[in-house]
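Q: Got a predicted structure plus its sequence, pasted below:
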Amino acid sequence: MPTPPKRRAWIIVLSFLSLFLSCNDAPSASKSPSPASGFPEIRLESMAKGLSQPLGLFHAGDGRLFIVEQGGTIRIWQNGALLEKPFLDIQDRVTSGGEKGLLGLAFHPKFSENRRFFVNYTSPTGGLHTVISEFKVGDLPNEADKNSERILLTIPQPFANHNGGDIVFGPDGFLYIGTGDGGSGNDPQGNGQSLSTLLGKMLRIDVDQKAGGKEYGIPADNPFLGRENVLPEIWAYGLRNPWRFSFDGTTGLLYAGDVGQSAREEVDVIRKGRNYGWNIMEGTICTPGVNPTCDKSPFEPPIIDYPRSDGITVIGGYVYRGKAIPNLSGAYLYGDFGSGRVWALRYDGKAVAAQGLLLESGKSISSFGEDAQRELYLIDYGGEVFKIVPGAKK
């Protein structure tokens, strides 16, 4: 007997990015955000179907789109079709399920010359840990050499959830890595606020250098470089689970959706050396169950946050810089895995100037994606990829 749609949605929610929710935390349709003001209508146009738990879409600047599947494969969309043979298949070294799996992909800024790309996945070998690895493309352009793996960094994971997942090259050419706090609830090991662990952080490394016995270098302007008992890879801290983040190629700002625990979901602009509050703060409030009367003054607040009535798992997106929807240019699009809502906001560098609901997608949004023309895509964890296009005139 087919699973009823409502029950299926909750099965998906509980199997991915599980956040210790009860059924009482389900989004309420009667408390939707106000309709978007000053934003154009959008709609979703189906592009690819039949995928297995897709978690992201990325481009290499050459017209191809690369879709990451949680189990450990990367698929190519080329010339209007999904290629049957994976670009990369590392299912043999990935542990998948819940929040684990092949979670991130980033192409080297000079990929067309050096054929290097990087992935983020969870491995069970020797205990659960996050792996940041480099691979190279072989003689055939649509087939990576799975035997070319060079492991740059491993991070032990004390619990099965909050593994972060995204890796992104910044405009400075360095690789940014978002890490979760290590899991469980309320950050029991205090990783978010500790500068002696890589968990609960935004990291920044140089993949083109090797130094200090490591497979990477530390950029000279990393904020904690040279401080005793502080890990130099750290760019920012106090994060819970920055699942998806992206740079605005025009302003250089780094936007991140940091998944909340039980009260608030937040969008941050990540800046050098800043402390974003977790586990002392959840969004703009003191973390319930930790210290409801905390001192908020030391922390960088989110640029926006929202309650569980609007959604249960924020999915960071992109600032739209494409040409197909001119009135959307400069707006940051983000969504929610649980409610399927897609919002837009405009941030002027100091405050949010406008914000509104763009779409009730009805999808289990696991990620957004961007192509070489800077058009945006929505990834449905149920197995489909959609392009975001101008809304139909009615």
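A: Good, I have the coordinates.

Q: after the helix or strand hosting L359 comes which helix or strand?
A: Using DSSP states H and E, L359 falls within strand 352-360. Per DSSP H and E, strand 352-360 leads on to strand 365-370 as the next helix or strand towards the C-terminus.

Q: The helix or strand just after that next one packs against which elements?
A: Once strand 365-370 ends, the next helix or strand along the chain (criterion: DSSP H and E) is strand 376-380. Helices and strands touching strand 376-380, as assessed by 3 or more CB pairs under 8 Å, 6 or more residues apart in numbering; DSSP states H and E, comprise strand 54-59, strand 365-370, strand 384-390. All C-beta atoms are positioned from the backbone trio N, CA, C, and that covers glycine.

Q: Could you dump those strands into TSV and include distance to A344?
A: Output for the helices and strands packed on strand 376-380, formatted as TSV (distance: least, CB to CB, whole Å):
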stretch	distance to A344
strand 54-59	19
strand 365-370	12
strand 384-390	11
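
Q: Most tightly packed of those strands?
A: Of all these, strand 365-370 has the most neighbours on average by mean count of other CB atoms under 10 Å, namely a mean of 26.

Q: Show me where the stretch 1-150 of the chain has its strands.
A: 42-48, 54-59, 65-69, 73-78, 81-82, 88-89, 102-107, 116-123, 129-137, 144-156 (DSSP state E, counting those that start in this stretch).

Q: Quick check: which of these is nearest to G165?
A: strand 102-107 (3.2 Å; CB to CB).

Q: so what's F111 closest to, chain neighbours aside?
A: A60 (5.2 Å; CB to CB, 6 or more residues apart in numbering).

Q: count of neighbours near the closest residue in space to R240 that isn't next to it in sequence?
A: Nearest residue to R240, sequence neighbours excluded (CB to CB, 6+ apart): W278, at 4.3 Å. Neighbours of W278 under the rule other CB atoms under 10 Å: 29.

Q: Looks like W278 contacts P242 (just checking).
A: No: look at W278 against P242 with CB atoms under 8 Å: they stay out of range, at 9.9 Å.

Q: Report the set of residues contacting both of these two.
A: Here W278 and P242 share the contacting residues D258, scored by CB atoms under 8 Å, 6 or more residues apart in numbering.

Q: how close does the residue most central in space within the chain sit to S184?
A: The geometric centre of the chain, computed from its C-alpha atoms, lies nearest to R244 (CA atoms, centre = their mean), at 1.3 Å. For R244, the distance to S184 equals 22 Å [CB to CB, to the nearest Å].

Q: G61 too?
A: Counting by CB to CB, the gap from G61 to S184 is 39 Å.

Q: How about I74?
A: For I74, the distance to S184 equals 30 Å [CB to CB].

Q: With neighbour numbers in mind, choose between those two.
A: Neighbour count, other CB under 10 Å: between I74 and S184, I74 has more, with 21 against 14.

Q: hey, where'd the helices end up in the stretch 101-250 of the chain?
A: Using DSSP state H, counting those that start in this stretch, the helices of the stretch 101-250 of the chain run over 111-114.

Q: Give me the below-cutoff pLDDT ranges for it.
A: Counting by pLDDT under 70, the stretch 101-250 of the chain contains no low-confidence range.

Q: thinking again about what came up before, so the residue nearest to R240, which state does it fall into?
A: Assigned by DSSP: H, G, I helix; E, B strand; the rest coil, the conformation of W278 is coil.

Q: got a pLDDT number for it?
A: Listed pLDDT for W278 reads 98.

Q: picking that back up, which stretch among the strands of the stretch 1-150 of the chain comes nearest N222?
A: strand 144-156 (14.4 Å).

Q: who touches the closest one?
A: Contacts for strand 144-156 (CB under 8 Å, 6+ apart): 74, 87-90, 117-118, 123, 127-138, 177, 179, 198-199, 205, 207, 214-216.

Q: thought A263 was touching P288?
A: Yes: under the criterion of CB under 8 Å, A263 is in contact with P288, at a separation of 5.6 Å.

Q: more crowded one of the two?
A: A263 (17 against 13).

Q: Now do the same contact list for that one.
A: 282-283, 285, 287-288, 307-308.

Q: ditto for I218
A: 205-206, 211-212, 225, 232-233.

Q: Check what pLDDT L19 gets.
A: 37.

Q: what about L195, neighbour count?
A: 14.

Q: Likewise for P307?
A: 15.

Q: Backbone dihedrals for the closest residue to it other than its chain neighbours, please?
A: Of all residues not flanking P307 in the chain, R264 sits nearest, at 6.4 Å (CB to CB, 6+ apart). When quoted as degrees, to the nearest 10, the phi and psi of R264 stand at phi -140, psi 150.

Q: Contact partners for R264?
A: R264 neighbours (CB under 8 Å, 6+ apart): 282-285, 305-308.

Q: Out of the residues you listed, name the two that are farthest from one another.
A: Pairwise over the contacts of R264, using CB to CB, the maximum falls at T284 and R308, 13.9 Å.

Q: quick one, which of those two is more surrounded?
A: Using other CB under 10 Å, the more surrounded residue of T284 and R308 is R308, with 21 against 15.

Q: from memory that one sits against G283, does it?
A: No: the pair R308 / G283 is not scored as a contact, 10.7 Å apart, by CB under 8 Å.
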